[in-house]
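Chemist: sequence and computational prediction follow.
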Amino acid sequence: MDQRVGEVSTGAVAAVVDAGEVQPAEELIPRARALGGERALAVLLRAGGMLGGACFVASLSLRLLPETQTVHVAMDLLQKGGASFLIATPVARLGVAGALLGLRGEYRYAAYAVISLGLLAVALGAGYVA
């Protein structure tokens, strides 16, 4: 009996089920790739967004307290800290992504990241003093 009854996939090896016999077929190509760098970027972005949001929520919750100078200073610091987290998170992501790309051997994209960070530094240095 040379009839194929069905195919069964077990882990990384597929097997062809013939009439009563199981014969190993070709190895499957792994579809998942290493996600170490992507996980680091996801954690960085999530942490930056959560910290920025937490600062803004804390600032809004301080509005429930009686108005004093200390409360206003704390609200101002929390708002500035939240905005700083939200602004700095994509910049940090660019630095981490550039380093990860350089480690993987993708030097062209790592160079693009370095050039972008350099342009951001020049723009920050040429900015107005508050």
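Modeler: Arrived safely.

Chemist: could you count how many residues lie near Leu120?
Modeler: 14 (other Cβ atoms under 10 Å). From N, CA and C alone the C-beta is placed, and that goes for glycine too.

Chemist: pLDDT on the helix or strand that contains it, on average?
Modeler: Using DSSP states H and E, Leu120 sits in helix 107-125. Per-region confidence: helix 107-125 scores 90 on mean pLDDT.

Chemist: hmm, who's touching it?
Modeler: Val91, Leu94, Gly95, Ala97, Gly98, Ala99, Leu101, Gly102 (Cβ atoms under 8 Å, 6 or more residues apart in numbering).

Chemist: how far away is the last one from Ala40?
Modeler: The gap separating Gly102 from Ala40 is 14 Å, by Cβ to Cβ, to the nearest Å.

Chemist: ok, back up a step: just the CA atoms of the helix holding Leu120, as CSV, please.
Modeler: In CSV, the C-alpha atoms belonging to helix 107-125 read as follows (Å, rounded to 0.1, in the frame of the first residue of the first chain):
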residue,chain,number,x,y,z
TYR,A,107,26.5,48.0,9.6
ARG,A,108,24.6,50.2,7.1
TYR,A,109,21.5,50.4,9.3
ALA,A,110,23.7,50.9,12.4
ALA,A,111,25.4,53.8,10.6
TYR,A,112,22.0,55.3,9.9
ALA,A,113,21.1,55.1,13.5
VAL,A,114,24.4,56.7,14.6
ILE,A,115,23.9,59.5,12.0
SER,A,116,20.3,60.1,13.2
LEU,A,117,21.5,60.3,16.8
GLY,A,118,24.2,62.7,15.8
LEU,A,119,21.7,64.9,14.0
LEU,A,120,19.5,64.8,17.1
ALA,A,121,22.4,65.8,19.3
VAL,A,122,23.3,68.7,16.9
ALA,A,123,19.7,69.9,16.9
LEU,A,124,19.6,69.7,20.7
GLY,A,125,22.8,71.6,21.0
